[in-house]
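> What follows is a predicted protein model with its sequence.
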Amino acid sequence: MARQPRSLAGKIVAITGGGRGIGAATAAALVAQGAKVAIGDLDLDVAKATADKLGGDTVAFPLDVTDRSGFTKFLEEVEGRLGPIDILINNAGIMPLGRFEDESDRSTTHQLEINLHAVIHGTREAVKRMRPRKSGHIVNIASAAGKAGFPGGATYCATKHGVVGLSEAVRMELRGSGVDLSVVMPAIVRTELASGLKEARFFKSVEATDVANAIVRALKKPRFDVYVPASLDAMNRITRLMPRSVAEWIVRSLKGDQILFDAERDARKDYEARAAASAPTTDRENAG
């Protein structure tokens with residue numbers, strides 16, 4: 001007999017970068033399921049506005065995921081306010097774009113610290129809390145760029161490949177522990193992060209709500225690989241069976257290699273500025 005979907009009612013959920021975009025959409029989807037959601041975000045005003053809009057038991061906390069001690073404190077505060085965390089969603093991330101040789105070392109550091117090191121830290125802290133209880137679910141937001149390389153976002157791709165590899169390894173370590181882990185790999189999501197990106201054939205963008213709904217499904221019926229849209233899974237499997245030259249020819253013919261590289265710079269100006277200011281702790285440490 002098929003296993004019944006898990007209920008999310010009353011579950012304690014912590015979401016990093018939950019003030020806007022995928023994080024906010026996921027928070028809304030989980031509140032609709034009856035979960036108690038804690039939103040952590042660098043912009044506390046945005047986090048509070050999102051929490052107030054969602055209502056219920058939703059709470060907001062300031063969070064700079066590059067501040068490891070601050071990240072741990074965030075989790076402690078969530079547990080002190082709401083109870084033991086059942087679900088951690090490592091969502092915070094940035095995507096600065098440009099030619100690889102033009103990328104500053106500061107931008108490289110920001111991406112590594114926010115997109116990868118913070119996910120490593122959050123995952124480790126969640127495991128420490130969940131394994132003793134023999135229950136819990138960790139959701140790491142990666143990207144379709146975690147399975148392939150896209151010109152114009154080389155370091156971003158590197159960080160997302162890292163998230164996928166981390167998740168695969170930790171999943172193996174958690175086997176039989178009662179703790180589940182999912183890695184989410186969306187296509188281009190229509191949020192501020194994707195400002196100025198053009199669509200290519202067979203690389204259609206999706207809404208943040210599409211990703212949020214996929215996360216809810218993975219939490220209710222646990223699975224590891226979560227592609228959004230689901231067709232990305234088949235495309236990934238097929239291209240990996242082909243010789244590299246053939247797979248790359250297909251991507252070029254569909255203009256998939258231009259998705260990040262050909263972004264409209266003016267349209268991304270505001271987002272790029274916000275992304276550049278998104279790791280204050282890292283900047284202070286490097287200046288010291």
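Structure's in. What do you need?
> What segments of this structure are strands?
12-16, 36-41, 59-62, 87-90, 136-141, 179-186, 225-228 (DSSP state E).
> so can I have JSON lines of those showing mean pLDDT, distance to D105 and mean neighbour count?
C-beta here means a position set from N, CA and C on the backbone, and glycine is covered the same way. Formatted as JSON lines, these follow (pLDDT from 0 to 100; distance: least, Cβ to Cβ, whole Å; neighbours: other Cβ atoms under 10 Å):
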{"stretch": "strand 12-16", "mean pLDDT": "98", "distance to D105": "24", "mean neighbour count": "27"}
{"stretch": "strand 36-41", "mean pLDDT": "98", "distance to D105": "26", "mean neighbour count": "28"}
{"stretch": "strand 59-62", "mean pLDDT": "98", "distance to D105": "27", "mean neighbour count": "20"}
{"stretch": "strand 87-90", "mean pLDDT": "98", "distance to D105": "24", "mean neighbour count": "27"}
{"stretch": "strand 136-141", "mean pLDDT": "98", "distance to D105": "25", "mean neighbour count": "26"}
{"stretch": "strand 179-186", "mean pLDDT": "98", "distance to D105": "28", "mean neighbour count": "24"}
{"stretch": "strand 225-228", "mean pLDDT": "97", "distance to D105": "32", "mean neighbour count": "21"}
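> Columns distance to E77 on top of these, output as CSV?
Shown next, in CSV, are the strands of the chain (distance: least, Cβ to Cβ, whole Å):
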stretch, distance to E77
strand 12-16, 10
strand 36-41, 8
strand 59-62, 6
strand 87-90, 14
strand 136-141, 18
strand 179-186, 22
strand 225-228, 28
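> Helices of the stretch 51-200 of the chain, residue ranges please.
Using DSSP state H, counting those that start in this stretch, the helices of the stretch 51-200 of the chain run over 68-81, 105-111, 118-130, 154-173.
> which stretch among the strands of the chain comes nearest H121?
strand 87-90 (9.0 Å; Cβ to Cβ).
> Packed most tightly, which of the helices of the stretch 51-200 of the chain would that be?
helix 118-130 (a mean of 20; mean count of other Cβ atoms under 10 Å).
> helices or strands next to it in the packing?
For helix 118-130, the packing partners by 3 or more Cβ pairs under 8 Å, 6 or more residues apart in numbering; DSSP states H and E come out as helix 68-81, strand 87-90, strand 136-141, helix 154-173, strand 179-186.
> Switch the ones you listed over to JSON lines; also include distance to V228.
Shown next, in JSON lines, are those (distance: least, Cβ to Cβ, whole Å):
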{"stretch": "helix 68-81", "distance to V228": "26"}
{"stretch": "strand 87-90", "distance to V228": "14"}
{"stretch": "strand 136-141", "distance to V228": "10"}
{"stretch": "helix 154-173", "distance to V228": "14"}
{"stretch": "strand 179-186", "distance to V228": "4"}
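> looking at those, which is closest to G56?
helix 68-81 (13.6 Å).
> what is the mean pLDDT for the closest one?
Throughout helix 68-81, pLDDT has a mean value of 98.
> and the end-to-end length of stretch 42-61?
9 Å (Cα to Cα, to the nearest Å).
> Sketch out the low-pLDDT regions of the stretch 101-250 of the chain for me.
The stretch 101-250 of the chain contains residues with pLDDT under 70 at 200-203.
> follow-up on the earlier one: of all the helices of the stretch 51-200 of the chain, which one comes closest to M95?
Closest among the helices of the stretch 51-200 of the chain, using Cβ to Cβ: helix 154-173, at 5.0 Å.
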